[in-house]
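Student: Got a predicted structure here, sequence first:
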Amino acid sequence: MIRIEIPQRETIELKHAVFDINGTLAFDGKPWPEAVSRLKRLASFLSIHLLTAATHGQVAALERSLGLPLHVIDTGEEKTRYVEELGPANVIAFGNGVNDAGMLRRAAIGVAVLGPEGVAREALQAADVLVRNPIDGIDLLFYPKRLIATLRP
């Protein structure tokens, strides 16, 4: 668990990190460099959930590369439901696409990732934070004062 105390807001106790794959943790069907080591480190604090619509196929290859199972999810509604079943108050979600907007909005913290594939306006509007890439997003959890500085009123 990661506990984040943001002044003038409720304390957030994160238990789960939910990631979209294509466009967020991977681009052109391949994982971001350094993503695997960051995810392994993060897994000692949070339960990691990797969701994909399998846009580029290669689900088995991505699972091997990332070292974690992927959940094939077809729609944004399914991603939102997935976050709701985990308990959104304990979730940080990462995504870049239109189909990620609902889960970004429902999660305690929604992180829009602007990578080589871009970020959809809907994802950006639903998120609490925008980062340049997934590595910067994951690092927010290793250095929570960055999140506090961004989210404090």
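Tutor: Okay, I see it.
Student: residues in contact with the spatially closest residue to G95 that is not a sequence neighbour?
Tutor: Once flanking residues are discounted, G95 sits nearest to D20: 3.9 Å by CB to CB, 6 or more residues apart in numbering. Glycine gets a C-beta too; all of them are placed from N, C-alpha and C. By CB atoms under 8 Å, 6 or more residues apart in numbering, D20 lies in contact with L51, T52, K79, F94, G95, N96, G97, N99, D100, M103.
Student: Over to L140?
Tutor: L140 sits next to V111, V129, V131, R146, L147 when contact means CB under 8 Å, 6+ apart.
Student: Among the residues you listed, pick out the one closest to V83, please.
Tutor: Nearest to V83 among those is V111, at 12.7 Å by CB to CB.
Student: Which of the helices or strands spans the closest one?
Tutor: Taking DSSP states H and E as the criterion, the element that holds V111 is strand 109-113.
Student: so how far is H71 from the residue nearest to the spatial centre of the chain?
Tutor: Closest to where the C-alpha atoms of the chain average out (CA atoms, centre = their mean) is F94, at 2.1 Å. Using CB to CB, to the nearest Å, we find F94 at a distance of 14 Å from H71.
Student: now the strands for this protein?
Tutor: Applying DSSP state E to the chain gives strands spanning 2-4, 12-14, 16-20, 26-27, 30-31, 47-52, 70-72, 91-95, 109-113, 129-131.
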